[in-house]
Structure formats: structure tokens, C-alpha cells
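Enquirer: Kindly generate the corresponding structure for this input.
(one chain, ligands or ions: 1)
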Amino acid sequence: MTIAQLNTDHAIDGQLKFVEGKGGFPIIEVDNGKAKATISVYGGQVLSFQPTGEAADVMFLSDKAYYAEGKAIKGGIPICWPWFGPDPEGKGRASHGLMRNRMWQVISTAAVADGTQVILGLSDSAETQAIWPQSFKFSIEITVSDTLKVELVTVNTGDQAFPITQALHTYFTIGDIAQTKVIGLGGTEYLDKVDGGKQKAQTGDISISSEVDRVYLNVAPQLTIDDGALGRKINIASTGSKTAIVWNPWSEIAANMADLDDADYKRFVCVETANAANEVIDVAAGSEYRMGAVISVTR
Ligand SMILES: O=P(O)(O)OC[C@H]1O[C@H](O)[C@H](O)[C@@H](O)[C@@H]1O
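Expert: Prediction:
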């Protein structure tokens, strides 16, 4: 679909328009007075979110990100679905599932009471069935306001239940990793992927001074990133999720990633809203499952 046609069908005067982004991907630009945001139709991925008055974007987006069919865009909110992490069946299928590396469809856009809503989605096709043999309707409902609300909606359109794991793999901008704490996970058990997946208990807040890749289990619905350098707190309020992943690759892995600048590990932390590890969701035939997050900034 062309940018002109997308604008004819879905632009909202003074709030939302489609532009051609890098790689020729259609990008939705929202600017509604409460915030600015950009959303890629490829990957169904929020790329930026900046409430009015905030000097720095809430999302981190790598300057070296790929914008190419079959590759994931590094930054913003990549979507992991219908599995988080490596192929759960060990068949060598792509890490983090089907959604982050293909074009989605624009379902609808709307001016709503508190801002601008965008719904993007993808249903099963012969191509997805060949990878994952299930019938589904999957969508993301995004509301851009002074907060960013993002909800993943899984509908099982088949005649038997299927299991999913999933994540909003959010990359948050921080001023300096050395002055950043993740608050709200003290006392929680986690699987330490940097230490062979060992289960450990978190004591107090999380400070990061080396590679961190942890899957926190049975988490509370409210997490906070306390960013001392930018002098702000990013709050993540989740629904339908009991797993949180905290990831920072640190210097060596960042240096080996072609789509990250060597120093980027200082500038982002992923705090992911998920159902993963022991939290596998069985979606019954004909039913719907929702998982989401509301992201806000406070001082
Ligand atoms: O490099 P990607 O496939 O985008 O994955 C990036 C990261 O995602 C999650 O946070 C996983 O827990 C990490 O193990 C992984 O390295």
C-alpha cells in the first residue's frame, strides 16, 4: 500500500500522518499536543515517544538499526510473539518469534478522548502457518497521550488451544547506565541468563555494571526506571503480565552488534513486559488474551 493511500484512508488532520521512512517502510507520525510518537508499520513497532516538555525521547532507537525485510529494527518496542527468546521447540526458528521482522497492516486510527489511537495487526497466512501452524488474529493497540499505552491482543481463530509467550521488548533511553536503577523487583526471583539460567533472588534495586540478562518471575505490575542523569523516572504499569526481562548487553556484546554503536550500552536499558519462562499462556480456541503496559514519565 502506498503512503498516499495510507494517508487517504487513515490520516487524522493535525494529529497523524504517514511518511516514508528508512528502507521505504511506512512510518506513522503522531503529534497531538500531548506527545510526539513514531510508529513503524513494519514490525508493528513504536520507535519513539516524547511527551510534550520532555527534552529526551523515552524510547531508545539505535542510529545503526536495520530497516530491511526479514530483520528486526533495534530500538523502540520490538514485539516478541508467539514466543519470547529462542525457538521453544528447538527447530531453529527465529528468536523472539514471527512479528518483529515482517510488515503488518494498519487496522485503524482514531482521535480518542485522551489522545490518538493506532491499531496495527497481522493474521495468519500460508507463510506464517508454514512457520507456526496456528490460526490467529494478532494486533497491537497503541494510544499516544501524555502516557503511551500499548496492548498486545492475541485472538485464537482456530479450533484448538495454542500456547504463547510474548514480550514488549522495550528499549528505554537513559542518560547514563551508571546512574540508572530499576526499581520494583527487589525480593523477586529471576533466571540469570548470564549464569546458565540459574534461579536467583533479587536483593534491592537493580544497578547495572556488567552484562545483565534476567527473566524476573511473578513480578508486581509497577516497575520504575530511575534515571539520575536525565533526572526523571520512567514508570511501566503492566496488565496481563507476570514476567519482566531486564537486559543490557554491556560493552563487549554491544561492540559485536553491527546495529548498535559501541557506546550505546550506556544509553539504554530494556525493561520488558512479558509472559515468558514459566508463564506460558494457553489461548483457548475462539478466545482473546491481552497483555499491555502504560508508560509514563515523572520527576
Ligand atoms: O538481539 P535480539 O535478538 O534482539 O535480542 C536481544 C535480547 O532480548 C532479550 O532481552 C533476551 O533476554 C536477550 O537474551 C537478548 O539478547
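Enquirer: who in this protein is up against the ligand?
Expert: 72, 85, 95-96, 169, 193, 213, 245, 247, 270 (C-beta under 6 Å from any ligand atom). C-beta: built from backbone N, CA, C; applies to glycine.
Enquirer: what about the residue in the stretch 51-200 of the chain that the ligand sits nearest to, distance to Cys80?
Expert: Per C-beta to the nearest ligand atom, Ser95 is where the stretch 51-200 of the chain lies closest to the ligand, at 4.6 Å. For Ser95, the distance to Cys80 (C-beta to C-beta, to the nearest Å) stands at 8 Å.
Enquirer: Which one of the two is surrounded by more residues?
Expert: Between Ser95 and Cys80, counted using other C-beta atoms under 10 Å, the more crowded position is Cys80 (26 against 12).
Enquirer: Can you name the next helix or strand after the one helix or strand that one maps to?
Expert: Cys80 is part of strand 79-80, with elements assigned from DSSP states H and E. Following strand 79-80 in sequence order, the next helix or strand is strand 105-112 (DSSP H and E).
Enquirer: Hmm, Tyr171 is touching Ala72, no?
Expert: No - applying C-beta atoms under 8 Å as the test, Tyr171 and Ala72 come out as separate, 11.3 Å apart.
Enquirer: if we can go back for a sec, what's the neighbour count on the nearest residue to the residue of the stretch 51-200 of the chain closest to the ligand once chain neighbours are set aside?
Expert: Spatial nearest neighbour of Ser95, excluding adjacent residues (C-beta to C-beta, 6 or more residues apart in numbering): Pro86 at 5.5 Å. Residues lying near Pro86 (other C-beta under 10 Å) number 12.
Enquirer: Isn't Pro86 up against Gly92?
Expert: No - using C-beta under 8 Å as the test, Pro86 is too far from Gly92 to be in contact (9.2 Å).
Enquirer: can you pull out the strands in the stretch 51-200 of the chain?
Expert: Assigned by DSSP state E, counting those that start in this stretch, the stretch 51-200 of the chain shows strands spanning 79-80, 105-112, 115-123, 136-144, 148-156, 162-164, 166-168, 171-173, 180-183, 189-192, 198-201.
Enquirer: Need the contact partners of the third one.
Expert: Outside of strand 115-123, the residues within contact range by C-beta atoms under 8 Å, 6 or more residues apart in numbering are 12, 15-16, 28, 30, 32, 34-35, 39, 41, 44, 99, 102, 104-111, 128, 136-146, 157.
Enquirer: Can you give the strand pairings for it, parallel or anti for each?
Expert: strand 105-112 (antiparallel), strand 136-144 (antiparallel) (DSSP bridges).
Enquirer: one step back: for the strands of the stretch 51-200 of the chain, state which one has the densest average packing.
Expert: strand 166-168 (a mean of 28; mean count of other C-beta atoms under 10 Å).
Enquirer: neighbours around whichever residue of the chain sits closest to the ligand, how many?
Expert: Relative to the ligand, the nearest point of the chain is Trp247 (3.4 Å; C-beta to the nearest ligand atom). Trp247 has 19 neighbouring residues, counting by other C-beta under 10 Å.
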